[in-house]
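> Take a look and give me a structure for this.
(one chain, ligands or ions: 2)
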Amino acid sequence: MRSLKWNSSHAVFVTEIDDDHKEIFEAVAQFQAALSEKPIPIGKVNDLTGHLAVRIEDHFAHEERLMRAARYGLLSWHKRCHDAARKRVARLIQRIGRGDAEAGPALVKYLSEWLPNHTRLPDKMLGAFLRNKRRTAKIVFTVATKAADSCTWLNSRGERFDPTSTASDF
Ligand SMILES: [Fe+2]
Ligand SMILES: [Fe+2]
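Ligands and ions are numbered 1, 2, ... in the order given. Sure thing, here's the model as predicted:
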């Protein structure tokens with residue numbers, strides 16, 4: 001099986017998410033390379049399994065934090081996708097720990113399909129949402145930094161007032 005390699009078609013255009021994905025793709029490739037060594041280096045495979053598990057869990061938790069902070073409407077659907085992968089990966093890792101020789105290649109196969117598919121739809125949708133949200137925040141910030149006399153100021157009753165000459169009550 002070809003080894004998993006991140007390329008620009010996997011980009012979601014949010015740097016912190018793309019950086020996580022690059023690390024996970026790389027961790028899968030390293031794990032796969034260790035499995036192809038003869039004889040299989042058991043200690044190295046176990047270390048790389050642990051590294052991969054941590055990278056995946058950190059990344060899922062990272063995306064879920066971003067979704068919660070941005071009040072993303074598709075959080076529960078996206079998290080369910082993560083949870084299904086969490087379960088599958090945990091089961092395969094348990095089998096690797098028990099010395100099941102088929103579990104390592106099965107984990108590589110599963111992640112080599114799941115990661116690009118998940119990146120292609122749920123993560124790209126999340127990336128687009130976060131970019132829009134951040135751009136909106138930037139626009140609001142830019143407007144708010146305009147000179148006070150170039151904005152229309154309304155008090156809490158919706159009445160216009162001049163903040164440079166009147167006491168404000170908002
Ligand atoms: Fe995700
Ligand atoms: Fe992701």
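> Point to the residue nearest the middle of the chain.
Nearest to the mean C-alpha position of the chain, counting by CA atoms, centre = their mean, stands residue 63 at 3.9 Å.
> Just after the host helix or strand of that residue, pick out the following helix or strand.
Remark: residue 63 resides in helix 42-69, with elements defined by DSSP states H and E. Under the assignment DSSP H and E, the closest C-terminal helix or strand after helix 42-69 is helix 75-97.
> what is the orientation angle of that next one with helix 42-69?
Angle, helix 75-97 to helix 42-69, by axes from the mean of the first three to the mean of the last three CA atoms, to 10 degrees: 170 degrees.
> what's the model's confidence in helix 75-97, averaged?
Per-residue pLDDT over helix 75-97 has a mean of 97.
> and what of stretch 12-19?
When the per-residue pLDDT values of stretch 12-19 are averaged, the result is 96.
> Which positions in the helix holding residue 63 come out as buried?
The neighbour-count criterion (16 or more other CB atoms under 10 Å) identifies 45, 48, 49, 52, 53, 55, 56, 59, 60, 63, 66, 67 as the buried residues of helix 42-69. Using the backbone N, CA and C atoms, a C-beta is placed for each residue, glycine as well.
> out of the residues you listed, who's nearest ligand 1?
Nearest to ligand 1 among the buried residues of helix 42-69 is residue 63, at 4.6 Å by CB to the ion.
> got the residues of the protein near ligand 1?
Of all the residues in the chain, those in contact range of ligand 1 (CB under 5 Å from the ion) are 63, 123.
> Report the helix or strand with the lowest average pLDDT across the chain.
helix 124-144 (a mean of 80; mean pLDDT, DSSP states H and E).
> Now for the closest residue to residue 72 other than its chain neighbours, how many residues are close by?
Nearest non-adjacent residue to residue 72, counting by CB to CB, 6 or more residues apart in numbering: residue 129, 5.9 Å away. Residue 129 has 17 neighbouring residues, counting by other CB atoms under 10 Å.
> Quick check, residue 129 in contact with residue 66.
No - Residue 129 is not in contact with residue 66 according to CB atoms under 8 Å; the separation is 9.6 Å.
> can you pull the contacts of residue 89?
Applying CB atoms under 8 Å, 6 or more residues apart in numbering, one finds that residue 89 lies in contact with 53, 56, 107, 110, 111.
> can you pull the buried residues of stretch 118-127?
The neighbour-count criterion (16+ other CB under 10 Å) identifies 118, 119, 122, 123, 124, 126, 127 as the buried residues of stretch 118-127.
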